[in-house]
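Participant: A structural model of the following input is requested.
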Amino acid sequence: MKLEDIDLDRAMVIARDLGKWAILVASNMDPGKIELKTNAADIVTEIDVMIEAHVREVIAANLPGHNFVGEEMGGAYLADTPSWYLDPIDGTTNFANRLPWTSFCFGLAHNRDVLVGVVIDPWRDELYEAQRGKGAKRNGKPLVIEDQSGTENPLASRVVCTELAAYQPWPGMLGLLDGLAEQYCTMRIMGSGTLTIVGPALARGVGAIVGHFSPIDHLASLLIVAEAGGAVWDEDGKQNLFPEKGGVMTATQAAAKPLYEIWMKALKAGR
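Facilitator: Alright, predicted model coming up:
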């Protein structure tokens with residue numbers, strides 16, 4: 001399927017409706033049965049599986065010919081095919097432990113062009129969305145990233161978020177902590193990569209970094225930040241919404257360069 005053959009407006013409506021439904025499910029249902037995946041820190045709940053199964057059914061029924069890659073039921077990248085990427089509950093450990101900081105990450109891409117993204121914060125009844133070239137919104141109202149132009153040190157007294165690599169620091173994370181401290185900037189680890197990466201678009205900190213990009217967890221968030229006017233940089237320091245390797249950073253435009261420099265120094269040090 002060619003890019004111009006994809007009905008993006010319809011895809012946006014379907015993704016938005018699924019996000020609203022996911023808010024109701026995640027905020028009102030208990031996790032149910034919890035099972036282990038690869039180890040005791042990698043878990044899945046009944047609700048994760050139920051959400052993904054329903055979303056797959058809706059996409060298959062309404063958008064035939066679209067590919068699907070999900071956290072719980074798998075899938076693979078297909079060239080020249082509109083592909084949906086879903087993490088039904090990003091922050092499953094938080095969800096299973098009744099910590100109200102989880103999300104639903106749902107994005108559409110064609111090859112590596114990111115087209116539609118929906119992220120939710122079910123605990124605050126908020127839905128964030130973006131369609132390529134049409135801006136970003138929070139509950140239907142435009143999102144515009146914070147303007148820090150003219151700020152002498154855009155990191156001082158501010159917050160930058162990151163996430164663990166599963167349950168351990170990623171190589172360079174401790175160096176990032178040290179580098180931020182030198183700029184009087186505080187690090188936070190909240191437990192949902194989706195909400196962490198989208199944070200700068202919501203004025204929740206001036207930057208965010210994850211050690212390894214995953215389209216399932218981050219694709220929708222990256223589009224929302226970019227459409228809100230923020231920086232989305234890969235490890236080469238380039239605006240990139242679908243990195244093929246490495247980590248990814250989101251930030252206000254003013255914070256992007258100093259934060260990127262700290263990140264690169266930490267990666268080189270490897271701690």
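Participant: Which residue ranges of the protein form strands?
Facilitator: Using DSSP state E, the strands assigned to the chain run over residues 34-36, 43-45, 67-70, 82-90, 103-110, 113-121, 126-131, 136-138, 141-143, 159-162, 186-189, 207-210, 231-234, 248-251.
Participant: Turn the ones you listed into CSV, including mean neighbour count, distance to Arg10 and mean pLDDT.
Facilitator: No exception for glycine: its C-beta is placed from N, CA and C like everyone else's. Output for these, formatted as CSV (neighbours: other CB atoms under 10 Å; distance: least, CB to CB, whole Å; pLDDT from 0 to 100):
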stretch, mean neighbour count, distance to Arg10, mean pLDDT
strand 34-36, 12, 35, 89
strand 43-45, 20, 31, 89
strand 67-70, 20, 16, 97
strand 82-90, 28, 11, 97
strand 103-110, 29, 11, 98
strand 113-121, 26, 10, 98
strand 126-131, 23, 11, 98
strand 136-138, 21, 17, 98
strand 141-143, 13, 22, 97
strand 159-162, 24, 33, 98
strand 186-189, 15, 37, 98
strand 207-210, 28, 31, 98
strand 231-234, 22, 25, 98
strand 248-251, 28, 28, 98
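Participant: Take those and lay them out in CSV including distance to His218.
Facilitator: CSV is the format used below for the strands of the chain (distance: least, CB to CB, whole Å):
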stretch, distance to His218
strand 34-36, 24
strand 43-45, 19
strand 67-70, 13
strand 82-90, 9
strand 103-110, 7
strand 113-121, 10
strand 126-131, 13
strand 136-138, 15
strand 141-143, 17
strand 159-162, 12
strand 186-189, 16
strand 207-210, 7
strand 231-234, 10
strand 248-251, 6
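Participant: nearest to Ile51, of the ones you listed?
Facilitator: Closest to Ile51 of the strands of the chain is strand 82-90 (CB to CB; 3.6 Å).
Participant: who does that closest one touch, helix- and strand-wise?
Facilitator: Using 3 or more CB pairs under 8 Å, 6 or more residues apart in numbering; DSSP states H and E as the contact criterion, the neighbours of strand 82-90 among helices and strands are helix 8-28, helix 46-62, strand 67-70, strand 103-110, helix 193-198, helix 215-227.
Participant: who's in contact with the shortest one?
Facilitator: In other words, strand 67-70. For strand 67-70, the surrounding residues in contact (CB atoms under 8 Å, 6 or more residues apart in numbering) are 52, 55-56, 59-60, 75-78, 81-88, 215-216.
Participant: okay, and for this protein, where does confidence drop off?
Facilitator: Across the chain, nothing is flagged by pLDDT under 70.
Participant: hmm, try it at 80
Facilitator: 271 (pLDDT under 80).
Participant: if we can go back for a sec, out of the helices and strands packed on strand 82-90, which is closest to Gly246?
Facilitator: Relative to Gly246, the nearest member of the helices and strands packed on strand 82-90 by CB to CB is helix 215-227, separated by 12.1 Å.
Participant: roughly how far is that closest one from the heart of the chain?
Facilitator: Taking the mean C-alpha point of helix 215-227 and that of its whole chain, the gap between them comes to 5 Å (CA atoms, centre = their mean, to the nearest Å).
Participant: Show me what the residue nearest to Leu108 when sequence neighbours are not counted is bridged to.
Facilitator: When the adjacent residues along the chain are set aside, Leu108 lies closest to Val116, with 4.1 Å between them (CB to CB, 6 or more residues apart in numbering). Beta-bridge pairing of Val116, defined through DSSP bridges, involves Leu108, Gln131.
Participant: That'll do, ta.
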